[in-house]
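In: for reference, the sequence and a predicted model appear below.
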Amino acid sequence: MENRTEIGSLGEFGLIEHLTKNFETHQVSTVVSVGDDAAVIDHFGKQTVVTTDLLIEGVHFDLMYTPLKHLGYKSVVVNLSDVYAMNAIPTQITMSIGISNRFSVEALDEFYEGVYAACEKYQVDLIGGDTSASQKGFIISVTAIGEVTPGKFVKRSTAQKGDLICLTGTVGGAFLGLTLLEREKKIYLENPQVQPDLENESYIVGKLLKPEARKDIIEFFEKNDIVPTSMMDVSDGVSSEVLHLCRQSSLGCRIYEEKLPMAEEARAAAFKFGLDPTTCALSGGEDYELIFTMKQEDYDKITLQEEIAVIGYMTDLEEGKKILTKGGNTFDITAQGWNAFQK
């Protein structure tokens, strides 16, 4: 029987101290970190970017198939992704959790191991947070803070007609991972003797459970002197995000189905589950890739960057928001992306 330490035995301050004792600072801008009434940061003439995300058990994640360490990692990464989507570099996070007594100190250690791994990988500092009792379920709130050279931040509302629409990495994989895990969960609940069979689908499962944020792309922009004209991260699905960019920039768009980047593993999984790969690529959420627009004259700067695909261009508002299929048909883009309020 493994040891189980009750959270109550440490008390709130004891718990925070226990969970944060191994965190070292990576950023010069972190002046005062965990352990005081508030943190102090100084960005030395840079502008500050702030973003917050709430993750709620049963809405955003399911602990039946989400390891706590992966959950800790992912809860940091999804926030950093929003900072990168502003063309900024994340520097600090705060992490607040609400937990019921079904979690032990050991379970939280596992969660914080993932938080620690993400902070280490992305060189961000955990500078504060809060822990509270929760009536049921696990609640996570993360705030990420970043810095950007004045005037270099990128919004959603500043795309221009004729700009190229670009997408990083591949899309649809996380949605297919979710589809597989949800299917296995259903089988397990109906028949607990059956061992889950993830069918060697480590790619799509990994895309869902351990996403990465596109730090590399923001560094690539900096190095190649590219400032996107608009940008956001792909958390709710490509079609949703394209419509956000269009709406906020008062433009239309043309997207080409054949240009949507999808990994072979994801495409094969879609066929296996009887799903249309294009629908998964357009409507699947949680890929945490970046979608951005850029001036056509910057195209040469990205031709050799394999992680960026040009999927279309911005048009006049009157031309609508259209997708051109491989078969030559044109359809309106609809947002069938993930919506927490439709559960």
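Out: Thanks, I have the structure now. Numbering: from 1, shown residues only.

In: which neighbouring elements make contact with the helix or strand hosting K322?
Out: Assigned by DSSP states H and E, K322 falls within strand 321-324. The contact analysis (3 or more Cβ pairs under 8 Å, 6 or more residues apart in numbering; DSSP states H and E) places strand 321-324 against helix 238-249, strand 252-256, strand 330-332. All C-beta atoms are positioned from the backbone trio N, CA, C, and that covers glycine.

In: quick one, the longest one and strand 252-256 angle?
Out: Here helix 238-249 runs at 160 degrees with respect to strand 252-256, directions being taken by axes from the mean of the first three to the mean of the last three Cα atoms, to 10 degrees.

In: for helix 238-249, packing partners?
Out: For helix 238-249, the elements it packs on are strand 164-168, strand 230-234, strand 252-256, helix 277-283, strand 289-294, strand 308-315, strand 321-324, judged by 3+ Cβ pairs under 8 Å, 6+ apart.

In: residues in contact with N79?
Out: T51, T52, D53, P90, I93, V142, T143, A144 (Cβ atoms under 8 Å, 6 or more residues apart in numbering).

In: out of the residues you listed, which end up buried?
Out: Taking 16 or more other Cβ atoms under 10 Å as the criterion, what is buried in these is T51, D53, P90, I93, V142, T143, A144.

In: need the contact partners of the host helix or strand of the first one.
Out: Counting by DSSP H and E, the element that carries T51 is strand 47-56. The list of residues contacting strand 47-56 from outside it, by Cβ under 8 Å, 6+ apart, reads 41, 60-61, 71, 75, 78-79, 82-83, 86, 88, 137-151, 153.

In: drop anything exposed from those.
Out: By 16+ other Cβ under 10 Å, the contacts of strand 47-56 give 41, 60-61, 71, 75, 78-79, 82-83, 86, 88, 138-148, 153 as buried.

In: ok, back up a step: got a markdown table for the helices and strands packed on helix 238-249, with distance to L243 and mean pLDDT too?
Out: Formatted as a markdown table, these follow (distance: least, Cβ to Cβ, whole Å; pLDDT from 0 to 100):
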| stretch | distance to L243 | mean pLDDT |
| --- | --- | --- |
| strand 164-168 | 12 | 98 |
| strand 230-234 | 11 | 97 |
| strand 252-256 | 9 | 98 |
| helix 277-283 | 11 | 95 |
| strand 289-294 | 11 | 98 |
| strand 308-315 | 12 | 98 |
| strand 321-324 | 6 | 96 |
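
In: so for T179, which of those sits nearest?
Out: Smallest distance to T179 across the helices and strands packed on helix 238-249 (Cβ to Cβ): 8.3 Å, for helix 277-283.

In: where does the stretch 51-200 of the chain have low pLDDT?
Out: Filtered on pLDDT under 70, the stretch 51-200 of the chain yields no residues whatsoever.

In: strands along that one, start to end?
Out: Applying DSSP state E, counting those that start in this stretch to the stretch 51-200 of the chain gives strands spanning 89-99, 125-133, 139-148, 164-168.

In: deepest in the core, which of the helices and strands packed on strand 321-324 is it.
Out: Most buried of these, by mean neighbour count (mean count of other Cβ atoms under 10 Å): helix 238-249, with a mean of 22.

In: which stretch among the helices and strands packed on helix 238-249 comes nearest D125?
Out: Using Cβ to Cβ, the helices and strands packed on helix 238-249 put strand 230-234 closest to D125, at 21.4 Å.

In: helices or strands up against that closest one?
Out: When contacts are defined as 3+ Cβ pairs under 8 Å, 6+ apart, strand 230-234 packs onto helix 68-84, helix 238-249, strand 289-294.

In: now it: buried residues?
Out: Buried-residue list, strand 230-234, by 16+ other Cβ under 10 Å: S230, M231, M232, D233, V234.
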